[in-house]
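*Asks:* Below is the sequence, then the predicted model.
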Amino acid sequence: MLQITDDIAQAVEGIPDGATVMIGGFGTAGQPVELIDALIAQGASDLTVVNNNAGNGDVGLAELIRLGRVRKIICSFPRQKDSWHFDAKYLAGEIELEVVPQGNLAERIRAAGAGIGAFYTPTGFGTLLAEGKETRRIDGRDYVLEYPIRADYALIKALRADRVGNLVYRKTARNFGPIMATAATTTIAQVSEIVETGALDPENVVTPGIYINRIVRVEPAPVQEEVGQ
């Protein structure tokens, strides 16, 4: 049953220690910072986080990592100029890292939502990322077998929702949100606005409400909205 709330703390209730949590966003664009802050306040730890990168600056996912609440991160870009909290934890041996090429990351998440058991991809063949994995030659090309990534929870950000959970996104903030919504047991979406059912143009709905379990309305930060987040 869909839960709609204005209480950000209520939105993340029940996320336990040791959970696997997908967090939307491409860098800071589309990152559900307020939901992450609520998760920090809630106290869950020993988390496995699935994200495109390993946090930026001192907020959101980066702060969750700084506090030592992330046991393992699965991502494509663990290091960039402002990933200092991840860098420090990794060099100290305090966080586990699984690097996944970005296309593979997206497809492994999508495969989980689509019910696909596994798939072959040429990406990563012959590199360290393929070590220990099954390989196969198909029509003269070498492939690596990859498995879906599923999560207990997904935290995503959308622009607008209706009262049955249908979501539309803002520009590049869409990124990983739609596929993560399908690949988690419980998907929690923060939105800037909740409208009445029927007010959204069906042609613009990206994530159907069937995939959404909780919605929380969060006042948008003006700067974030200006840069397309």
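*Replies:* Sure, I can see it. None of these values were measured; they are calculated from a predicted model.
*Asks:* And the longest helix anywhere in the chain, what does it pack against?
*Replies:* Ranked by residue count under DSSP state H, the longest helix found in the chain is helix 102-114. If contacts are counted by 3 or more Cβ pairs under 8 Å, 6 or more residues apart in numbering; DSSP states H and E, helix 102-114 sits against strand 119-121, strand 141-146, helix 177-182. All C-beta spots, glycine's among them, are computed from the backbone N, C-alpha and C.
*Asks:* Between these, which one is closest to G113.
*Replies:* The closest approach between G113 and any of the helices and strands packed on helix 102-114, judged by Cβ to Cβ, belongs to helix 177-182 at 2.7 Å.
*Asks:* just checking, what packs against the closest one?
*Replies:* helix 102-114, strand 151-157, strand 184-191.
*Asks:* Output the last one as CSV, nothing but the C-alphas.
*Replies:* What it means is strand 184-191. Only the C-alpha atoms of strand 184-191 are listed here, as CSV (Å, rounded to 0.1, in the frame of the first residue of the first chain):
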residue,chain,number,x,y,z
ALA,A,184,14.1,-2.7,-4.8
THR,A,185,11.7,-4.3,-2.5
THR,A,186,10.7,-0.9,-1.1
THR,A,187,11.1,2.3,-3.1
ILE,A,188,11.0,5.6,-1.3
ALA,A,189,10.6,8.8,-3.5
GLN,A,190,11.1,12.4,-2.5
VAL,A,191,9.2,14.8,-4.7
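*Asks:* by contact count, what packs against that strand?
*Replies:* Using 3+ Cβ pairs under 8 Å, 6+ apart: strand 184-191 touches helix 8-11, helix 33-42, strand 151-157, strand 160-162, helix 177-182, strand 214-217.
*Asks:* Tell me which of those is the most buried.
*Replies:* strand 151-157 (a mean of 27; mean count of other Cβ atoms under 10 Å).
*Asks:* Buried residues of stretch 10-21, list them for me.
*Replies:* By neighbour count with 16 or more other Cβ atoms under 10 Å, stretch 10-21 contains the buried residues 11-12, 15, 19-21.
*Asks:* got a list of contacts for it?
*Replies:* Residues outside stretch 10-21 that contact it (Cβ atoms under 8 Å, 6 or more residues apart in numbering) are 3, 5, 35, 38-39, 42, 44-50, 71, 150-155, 188, 190, 214-216.
*Asks:* since we're on F119, how many residues are nearby?
*Replies:* With neighbours defined by other Cβ atoms under 10 Å, the count for F119 comes to 17.
*Asks:* Kindly provide the distance from it to A106.
*Replies:* From F119 over to A106 the distance is 12 Å, taken as Cβ to Cβ, to the nearest Å.
*Asks:* What pLDDT is listed against Q229?
*Replies:* The model reports Q229 with a pLDDT of 49.
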